[in-house]
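Enquirer: No letters, just coordinates:
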Ligand code: NAD
């Protein structure tokens, strides 16, 4: 078997055929050259594909195809076992095309190939398998009612679902929406990010190969304007969004001003990672704290971007953290040894650099803050850590979405919880302690959708609901609870006499 080293992936990248056309009603749609845009790789700046910017015409066609397929019952009307069989075939095709999809994701988003091979692509297949396996085991209820009645509560697909997703985990975030929505019998229009649209187009083609009827899954490419068309569309029943808090707010407004479609939002975060002096393993905590902010270039909604360390161990902990950060020096994303890849695009890199400049004015730079590997034509940043004394400063409050960590000190647990909760976000939090009571009490007091104790970012299992408190969003991806987003409850009362 050929050894899959950097040369192997470079050769594979050169041979790759990229597809930038949308997929509507089972067909690849022609690209309007005037409105098309060029999709470049953050790995080295090369042009990957010309991608269509879908206008009202294409969005209407996709929504109509979804509506037609939904109303015809070609998918929604199937026995859940039949939907399960197609979804399992789809997941198997994704697994069978692991190398191709991982390479595509790496080239399009700059993520290290070792992560796309081990997390993004298998994670998407697993998510589809999980909801496929679940869907023929969940049903409605027969509920207590008057003796002359039979009372049923049915769970029905909501209809046409729009899924609008970001660029940091393009395939995985799409799978988190598509799997429960399709399993429940909906028809879907997916809009991937304009910064990383290619894997969405490819997996949608694989879904059709697996037997998904045309029109049940459509992909419309384009910028925020295309997403806006979906958010305002009167024939979209539900929109599931992952992205920034500001766009989430605009989608809510669009729903209010159009047909009151259901809106589900997975938004930003500024997650606190609290290390108490009685932390059971400081070395492991330092390694996890580095991974919490530098994994995926810090382009993580759950990034542990605020590290709160008890003052009595702060110096010792920072020394261990700086050593761990060295493992994240950026490298070629196609090299299987690389753990930190490229920043998604110039706009995002500029944004992160502006925060770094701001950080230099308001805090003490401990390491990083520089552009790297510029001769490659790609977009790279060194892992960056600031020692922050004022928790109200910009870099400690705003989501940066890059490899930039703020370290803050505290004296008491009460102070740590107050700092941790002192944010508009509430996506995730972590606490490191040896004390069982402290662990439980802190978990209760932290206002976040996920709390990790003595770990960070654990839990690849689909069993855990994922989502935010406060301005980190509403509703939950993953777990059986995700099905609640894509179904309506219907009470049926049958009078017997
Ligand atoms: P973004 O909000 O800019 O874009 C997300 C998607 O929305 C893209 O497909 C984009 O084209 C589209 N969009 C942009 N403007 C729109 C509009 N007006 N109407 C409809 N759609 C529009 O976010 P991003 O930069 O792609 O991703 C980064 C953000 O996503 C961060 O804030 C991050 O925290 C968040 N995120 C959250 C989660 C989570 O699960 N909570 C996961 C990943 C990323």
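Expert: The structure has been received and is ready for your questions. Bear in mind that the values here come from a model prediction, so they are computed numbers and not experimental data. Numbers count the residues shown, from 1 in each chain.

Enquirer: Contact residues of this protein facing the ligand?
Expert: 164-168, 173, 191, 193-194, 223-224, 227-228, 231, 242-244, 247, 250-251, 266-269, 301, 399, 401, 427, 468, 473 (C-beta under 6 Å from any ligand atom). Just so you know, the C-beta spots here come from the backbone N, C-alpha and C atoms, and that holds for glycine as well.

Enquirer: one more time with 5 Å
Expert: With the criterion set to C-beta under 5 Å from any ligand atom, the chain comes near the ligand through 164, 166-167, 193, 224, 227-228, 231, 242-244, 247, 250, 266, 268, 301.

Enquirer: what's the most distant pair in the residues you listed?
Expert: 228 and 301 (21.3 Å; C-beta to C-beta).

Enquirer: Have a look at the two and say which one is more surrounded.
Expert: Shown here are residue 228 and residue 301; by other C-beta atoms under 10 Å, residue 301 has more neighbours (26 against 18).

Enquirer: wait, isn't that one in contact with residue 265?
Expert: No. Using C-beta atoms under 8 Å as the test, residue 301 is too far from residue 265 to be in contact (11.4 Å).

Enquirer: For residue 486, give its distance to the ligand.
Expert: Separation of residue 486 from the ligand (C-beta to the nearest ligand atom, to the nearest Å): 16 Å.

Enquirer: sorry, that was for residue 487
Expert: As judged by C-beta to the nearest ligand atom, residue 487 and the ligand stand 20 Å apart.

Enquirer: Under a three-state scheme, what state does residue 226 occupy?
Expert: helix (DSSP: H, G, I helix; E, B strand; the rest coil).

Enquirer: Ramachandran angles for residue 429?
Expert: Per-residue torsions, residue 429: phi -160, psi 160 (degrees, to the nearest 10).

Enquirer: What of residue 35?
Expert: For residue 35, the backbone dihedrals (degrees, to the nearest 10) come out as phi -100, psi 0.

Enquirer: what's near enough to touch it?
Expert: The neighbours of residue 35, taking C-beta atoms under 8 Å, 6 or more residues apart in numbering as the test, are 52-53, 55.

Enquirer: Could you rerun that using 10 Å?
Expert: Contacts here follow C-beta atoms under 10 Å, 6 or more residues apart in numbering; on that basis residue 35 touches 52-55, 58, 222-223, 225.

Enquirer: Just the buried residues of those residues.
Expert: Buried subset of the contacts of residue 35 (neighbour count, 16 or more other C-beta atoms under 10 Å): 52-54, 58, 222-223.

Enquirer: Would you agree residue 377 is in contact with residue 45?
Expert: Yes. Applying C-beta atoms under 10 Å, one finds residue 377 in contact with residue 45, separated by 3.6 Å.

Enquirer: any residues in contact with both of the two?
Expert: Shared contacts of residue 377 and residue 45 (C-beta under 10 Å, 6+ apart): none.

Enquirer: quick one on the thing from earlier: mind listing which of the contacts of residue 35 are in helices?
Expert: 58, 225 (DSSP state H).

Enquirer: between the contacts of residue 35, which is nearest the ligand?
Expert: Proximity of the contacts of residue 35 to the ligand (C-beta to the nearest ligand atom) peaks at residue 223, which lies at 5.4 Å.

Enquirer: Am I right that the closest one is in contact with residue 36?
Expert: No. Taking contacts as C-beta under 10 Å, residue 223 lies outside contact range of residue 36: 11.4 Å.

Enquirer: got any residues that touch both of the two?
Expert: Residues touching both residue 223 and residue 36 (C-beta under 10 Å, 6+ apart): 51, 53.

Enquirer: where exactly do the helices run in the stretch 101-250 of the chain?
Expert: Along the stretch 101-250 of the chain, counting by DSSP state H, counting those that start in this stretch, helices occupy 113-115, 121-135, 170-183, 198-209, 224-232, 245-257.

Enquirer: Just name the most buried of the ones you listed.
Expert: Burial of the helices of the stretch 101-250 of the chain is given as mean neighbour count (mean count of other C-beta atoms under 10 Å); helix 170-183 ranks first at a mean of 28.
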